[in-house]
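Visitor: coordinates only, sequence not included:
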Ligand SMILES: [Zn+2]
């Protein structure tokens, strides 16, 4: 799903610029130069309201400015991984717990043995 968000951004920018670029060379005034910068971004923003969406809950993949450059691998609404299989809530909780423990350990925060989970990370 992340590749779809990146594809949307790149393809919209490139295709709209490819259409507008000859117009810029033909007419070459300042208004068209502004269009080359504004219209691709506007078209991409409009398309992102409809596509891509989470395959599990239908939430928008692109929700804010950060998602245009680095879309999250997980849906912020249902927490499923966009390109992965469906996981039960318990699996998602365990995954998030392990991730939190890993980040805390990376920062040097002391972690109790019980908090490390069943794998003993
Ligand atoms: Zn979702």
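Guide: Looks like it came in fine. Every value quoted in this text rests on a predicted model; they were computed, and no experiment measured them.

Visitor: So the protein: which segments form each domain?
Guide: Domain segmentation of the chain under automatic domain parsing yields 2-73, 87-121.

Visitor: and of the ones you listed, who's closest to the ion?
Guide: Closest to the ion of those, according to CB to the ion: domain 2-73, at 3.1 Å. No exception for glycine: its C-beta is placed from N, CA and C like everyone else's.

Visitor: what mean pLDDT would you report for that closest one?
Guide: Averaged across domain 2-73, pLDDT comes to 79.

Visitor: that older thread, mind putting the domains of the chain into TSV with mean neighbour count and distance to the ion?
Guide: Shown next, in TSV, are those (neighbours: other CB atoms under 10 Å; distance: least, CB to the ion, whole Å):
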stretch	mean neighbour count	distance to the ion
domain 2-73	14	3
domain 87-121	11	11
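
Visitor: Just the endpoints, please. Distance across stretch 72-92?
Guide: 15 Å (CA to CA, to the nearest Å).

Visitor: Mind checking which residue lies nearest the centre of this structure?
Guide: By CA atoms, centre = their mean, the chain has its centre lying nearest to residue 71, at 1.8 Å.

Visitor: Next, give phi and psi for that residue.
Guide: Backbone geometry at residue 71, expressed as degrees, to the nearest 10, gives phi -60, psi 140.

Visitor: Then residue 100?
Guide: According to degrees, to the nearest 10, residue 100 has phi -60, psi -40.

Visitor: Start at 10, not 1
Guide: With 10 as the first residue, the last one maps to residue 109.

Visitor: Which secondary structure element is home to residue 113?
Guide: helix 98-115 (DSSP states H and E).
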